[in-house]
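Colleague: Can you look at this prediction? I've put the sequence above it.
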Amino acid sequence: MTSAISREHEEYIDFQKYWLVLKRRWVPATATFVTVVTLTLLAALSRKPVYEAEAQILIKSDRSSKLTGLNNQMGEIQVLTNQSDPISTEAKILSSRPIIEKAIKQLDLRNDEGELLRYQDVVGNLKERETELETLLRSQIKQTRENEQIGSLENLKILNIGESRYDQSLINEYTHLGVQHSGVSSKLAEFKNTLADRKQRLETLPSLEEKQRELERRVAAAQATYQTLLSKLQETQVAENQNVGNIRVTAEAVVPEDPSGISKKLIVAAGGVVGALLGVAVAFLLDLQDRSIKNSKEAEKILGYPLQAVIPDWGKKAGSLITDRQDNVAQLAASNTALVPVKESYPTLQAREAYQMLQTNLKFLSADWEKKVIAIASSVPREGKSAVVANLAASLARVKRRVLLIDADMRRPTQHRIWEIANTSGLSNVLMDEAEWQEAIQKVMPGLDVLSAGTIPDNPVPLLESEQMKTLIETISKSYDWVLLDAPPLVGMADTTIVGRMVDGLLMVVRPGVADYGSAIAAKKLLISNGQNVLGIVANGVNLKNEPYGSSYFYALEEK
């Protein structure tokens, strides 16, 4: 039972995946569909209708040409076959449409329903009768041939009996012919001698006689050619004078009501089907070429860590909430000193609900911890990790927790710009013993302090892996309920793997559309190889339309 439910769930998820692909790529898919349908419609409208009709004609052979000896007539249509069966010809004439329709009307032939018979019904019955008669005729011919074969065998036996009577007479005749052959052979030898003598006499004839014979042959050939040409001329003249047609129409063509071929509606419908298939194919092809992570489910599947929160992408609609665009948050502290106002906008409520969900999940994860030090990182830049850690810190501070936010990204620090504070003294200065951490910390709202990155060093790795960093985290964690570190991206840098060994856990921020499969897989390998304690992932900047479950993450909130 469990396996059956699991299979149904997988099929449902696959269906949701395909549906989300079409939702993401609906613009090119629709463009392909409209283009194909438009081209098909134009082709159907520009297609000229073609009407087809059939007629039946009778071609008669002209017998007068055979009487005059003219077998190759000019200007006359001949039949396409060598068969000239008058019975078949008359049968074709009798089965033509005009004659059959006339016979139906005169004989008042009707079917079982009382309607006049149609031409097609009568022709079909005639063809059936023709087939039956042909079968009967073939059987009669076969029986006649068998009888003739039996008679031939009997005659052969009679001839064999009489043959033996004449053998002796043939032998006598053969002896007599042998004697005659000897006499003929002697006469033949005499003829050969006479022929040789005549040949010698011919060789002695004058050359003039030879020329005479040559001229006589030429004259005879010229006369024969002249007679042939004269005869052909007379035949041609007779053929030109013949003006009798040998064609008669037996059934005229009927004007059809509908054009032949495929109808325009069917062409447009086929174009619609092809356009839909091509649109779906284009959508899936574009989606296969896009290697970015599409939604939170894909991020959870690729990284293999539990999804702790989904942060929607509301942009500047989120009011005073911090976004990945680093909006001005001068009113953040003031808006968080009290509860959320009743008239606050719906996007702001949804975004804050997402961070409250993340805060609640972290409380469950850290219920048994004595220290609550968490680093927030991402696989690549521009995934909004700094905005996530800033909003998470503000959310924790709103529930009366003492929170310290440390900007551990000393390559591209961001927190001082988000909170609009100075960055002259920060984490790097504390690690280099240039300042005390109590002096470098700046209060940005009740319950929330920020330790900026400070002066950007040439190489932050030695500072992060120093004993001062480890001691600093241990010392600071005693004074705060939560310590959050804004860590650099994982791929291509060693900073986060160093910081990850000093904290209690690490949260991965993934932004669909920015993170791709390659960077996410590389980040996972780094986390596993370095033995990082990953608490889960936070999907940031999520377009809820691309999520399998839509906006069901925020079911508790309704737009006012």
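Modeller: That came through fine.
Colleague: ok, which stretches of the stretch 201-350 of the chain are helices?
Modeller: For the stretch 201-350 of the chain, applying DSSP state H, counting those that start in this stretch gives helices covering 207-241, 264-289, 296-303, 332-335, 346-365.
Colleague: Below-threshold pLDDT in the stretch 451-560 of the chain: ranges please.
Modeller: 546, 548-560 (pLDDT under 70).
Colleague: Please repeat the previous calculation with a cut-off of 50.
Modeller: 556-560 (pLDDT under 50).
Colleague: what mean pLDDT does the helix or strand encompassing residue 20 have?
Modeller: According to DSSP states H and E, residue 20 maps onto helix 2-24. Averaging pLDDT along helix 2-24 yields 57.
Colleague: switch to numbering from 52
Modeller: Sure thing, new numbering starts at 52, so read that last one as helix 53-75.
Colleague: Give me the domain ranges for the chain.
Modeller: Partitioning the chain according to automatic domain parsing yields domains covering residues 53-103+311-340, 108-300, 348-605.
Colleague: Residues contacting the helix or strand hosting residue 523, please?
Modeller: Element membership of residue 523 [criterion: DSSP H and E] is helix 518-528. Residues outside helix 518-528 that contact it (Cβ atoms under 8 Å, 6 or more residues apart in numbering): 422-424, 455, 457, 481-482, 484, 488, 514, 534, 550, 553-554. For the C-beta atoms, the positions are set from N, CA and C on the backbone; glycine is no exception.
Colleague: in it, what counts as buried?
Modeller: 520, 523, 524, 527, 528 (16 or more other Cβ atoms under 10 Å).
Colleague: ok, now stretch 475-490?
Modeller: Quick answer for stretch 475-490 (16+ other Cβ under 10 Å): 476, 477, 478, 479, 480, 481, 482, 486, 488.
Colleague: Next, count neighbours for residue 195.
Modeller: Number of residues near residue 195 (other Cβ atoms under 10 Å) recorded here: 10.
Colleague: Also residue 574?
Modeller: Residues near residue 574, counting by other Cβ under 10 Å, number 24.
Colleague: ok, now which ones touch it?
Modeller: 354, 430, 541, 542, 559.
Colleague: so the third one touches residue 548, yeah?
Modeller: Which is residue 541. Yes: when contacts are counted by Cβ atoms under 8 Å, residue 541 is listed as touching residue 548 (7.3 Å).
Colleague: who's more crowded, those two?
Modeller: Neighbours of residue 541 and residue 548, each counted by other Cβ under 10 Å, are more numerous for residue 541; the result is 27 against 20.
Colleague: And that one, how close does it get to residue 462?
Modeller: Using Cβ to Cβ, to the nearest Å, we find residue 541 at a distance of 13 Å from residue 462.
Colleague: before we move on, what about residue 141?
Modeller: From residue 141 to residue 462 the distance is 104 Å (Cβ to Cβ).
Colleague: Pick out whichever of those two has more residues nearby.
Modeller: Shown here are residue 141 and residue 462; by other Cβ under 10 Å, residue 462 has more neighbours (14 against 11).
Colleague: so the more buried one touches residue 544, yeah?
Modeller: Yes: at 7.3 Å, residue 462 and residue 544 qualify as touching, with contact defined as Cβ under 8 Å.
Colleague: where along the stretch 352-501 of the chain do the strands fall?
Modeller: Taking DSSP state E, counting those that start in this stretch as the test, the strands found in the stretch 352-501 of the chain are 358-363, 424-429, 454-458, 493-496, 499-502.
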